[in-house]
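>>> just need the structure, nothing else, for what follows:
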Amino acid sequence: MPPESPERQLGALGTPGSHPEELRGCLGTLPLAVLDGNVDDLLEGFLAPGPVTTRHHAGECLARAEGWLFGSIPLDETDGLIHATETAYRQLFARLHGENTPHLWRVWHYVPAINAIDTATGLERYRLFNLGRANAFEWANQGPAQSAPAACALGSPRDTTGRVIYLAADTPAERIENPRQVSAWDYPERYGPKSPLFARAALARGKRHDWLFISGTASIVGHETRHQGDVVTQTRETIANLEAVLQEANGKRRPSESQFAWDNGSLLRVYLRHPEHLPLVRDQIDHWLDSRARRVYLQADICRTDLLVEIEATLRQTRSGAEAARDAWPEL
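Sure thing, here's the model as predicted:
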């Protein structure tokens, strides 16, 4: 953390104990167990170009700088998960409009017991979450192909409070899809009454860095899970999907712009359903990744019960063309 810039700390994602005691912006705490990772990589912060103002109310945190917004909204399940998700997203859309930062770049969701079956509806809780999110998108007149952000949805322990954590800006991000996969919003009905609403990645241009936010990515080809029960081949398929998204994004780069790469400017979160799979997955990733790429391994349930591993990534390149620094608080 740059000690000279606490007034510009917009927001961060981190595990308990990974963040400074005094944080000017909002902290999105990941309610997950850390399996492996360098302590310096457990926090992913975003530094605004100018001063940040922060407010807290009823569990919500909202941090604003000129042109930027970072927020964390709890899922209040008093009236069920569908209502909780729709309410949180309506609140999110209202904040985007009210702060003049209408473009959603990245969203992180943590949903307690995401694979559990709801006794009242007979539906998996992830499908209820998708219903609530879709209701809010429809309410806000947000078409998924135009406005779906990069996103992930992971399962947290039952005794935690769900969270919607987001980063938005006054400039749009370009949505990136994966040629190996069906767009999530076009999934067939077998995956639930409403499809997930997220882009495979978002390519965004900030003041100091260009950003590539890659959504939670797993062993899915087309719309189907591949390699059920085999965590090694699922990891390899996931890597193939990450590389396909990276190639698509780099194809959008201008000739004068640097290509995104797995280097100092990248951070990957690897979510494992079963902690005992850590050595197998880590071996595959170490074999694939540039040693400079930051990585953290966390235990989490994944949106489909037949998926054993999910990986999300944030990559950045400096606008100046210089190599991105290994920094927990890079400037947007």
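>>> wait, residue 150 touches residue 211, no?
No. Counting by CB atoms under 8 Å, residue 150 sits too far from residue 211 to count as a contact (9.6 Å). Placement of C-beta: from N, CA and C, glycine included.
>>> higher neighbour count, these two?
residue 150 (30 against 24; other CB atoms under 10 Å).
>>> shared neighbours of residue 150 and residue 211, which are they?
105, 173, 202 (CB atoms under 8 Å, 6 or more residues apart in numbering).
>>> tell me the one of the residues you listed nearest residue 73?
If you rank those by distance to residue 73 using CB to CB, residue 105 comes first, at 15.9 Å.
>>> now do the helix or strand encompassing the closest one, average pLDDT.
Using DSSP states H and E, residue 105 sits within strand 103-112. For strand 103-112, the mean pLDDT works out to 98.
>>> for that strand, packing partners?
helix 81-98, helix 125-139, strand 150-156, strand 163-169, strand 201-205, strand 209-217 (3 or more CB pairs under 8 Å, 6 or more residues apart in numbering; DSSP states H and E).
>>> count of residues packed around residue 251?
For residue 251, using other CB under 10 Å, the count is 9.
>>> over to residue 119?
6.
>>> now it: how far from residue 80?
Distance of residue 119 to residue 80, computed by CB to CB, to the nearest Å: 11 Å.
>>> equivalent analysis for residue 255, please.
Counting by CB to CB, the separation of residue 255 from residue 80 is 51 Å.
>>> equivalent analysis for residue 231, please.
Using CB to CB, residue 231 is found at 33 Å from residue 80.
>>> what's the answer for residue 151, then?
Counting by CB to CB, the gap from residue 151 to residue 80 is 21 Å.
>>> quick one, which of the two is more surrounded?
A direct count of neighbours by other CB under 10 Å for residue 151 and residue 80 places residue 151 higher, at 24 against 15.
>>> so who does the closest residue to that one other than its chain neighbours touch?
Nearest residue to residue 151 in three dimensions, chain neighbours excluded: residue 198, at 3.7 Å (CB to CB, 6 or more residues apart in numbering). Counting by CB under 8 Å, 6+ apart, residue 198 touches 107, 148, 149, 150, 151, 152, 184, 215.
>>> just the buried residues of stretch 27-43, please?
By neighbour count on 16 or more other CB atoms under 10 Å, the buried set for stretch 27-43 is 27, 28, 29, 30, 31, 32, 34, 35, 37, 41, 42, 43.
>>> in helices, which of those fall?
Among the buried residues of stretch 27-43, no member falls in helices (DSSP state H).
>>> find the pair from those with maximum spatial separation.
27 and 35 (21.0 Å).
>>> please work out which helix or strand belonging to the protein has the smallest mean pLDDT.
Taking mean pLDDT, DSSP states H and E as the measure, the chain has helix 144-147 as its least confident helix or strand, at a mean of 87.
>>> pull the residues that contact that one.
The contact list for helix 144-147 (CB under 8 Å, 6+ apart) reads 104, 137, 175, 183, 185, 195, 197.
>>> got a list of what the second one touches?
The one in question is residue 137. Taking CB under 8 Å, 6+ apart, one finds 89, 143, 144, 147, 197 in contact with residue 137.
>>> please, a PyMOL command that selects the buried ones among those?
Entered in PyMOL, the line below selects the buried ones among the contacts of residue 137, by 16+ other CB under 10 Å:
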select buried, resi 89+144+147+197
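>>> and which of the contacts of residue 137 is nearest residue 160?
Of all these, residue 160 sits closest to residue 89, with 19.2 Å by CB to CB.
>>> follow-up on the earlier one: among the shared contacts of residue 150 and residue 211, who's most crowded?
Busiest of the shared contacts of residue 150 and residue 211 [other CB under 10 Å] is residue 202, holding 27 neighbours.
>>> that one reaches residue 105, doesn't it?
Yes. Contact criterion CB under 8 Å: residue 202 and residue 105 qualify, at 5.5 Å.
>>> any stretches of the stretch 1-150 of the chain with poor pLDDT?
Applying pLDDT under 70 to the stretch 1-150 of the chain flags residues 1-4, 19-22.
>>> one more time with 90, if that's ok
By pLDDT under 90, the low-scoring segments of the stretch 1-150 of the chain are 1-6, 15-25, 27-29, 39-40, 144-146.
>>> can you get me a residue count around the closest residue in space to residue 6 that isn't next to it in sequence?
Leaving aside its chain neighbours, residue 6 sits nearest to residue 24 (5.1 Å; criterion: CB to CB, 6+ apart). As a burial measure, residue 24 scores 18 neighbours (other CB under 10 Å).
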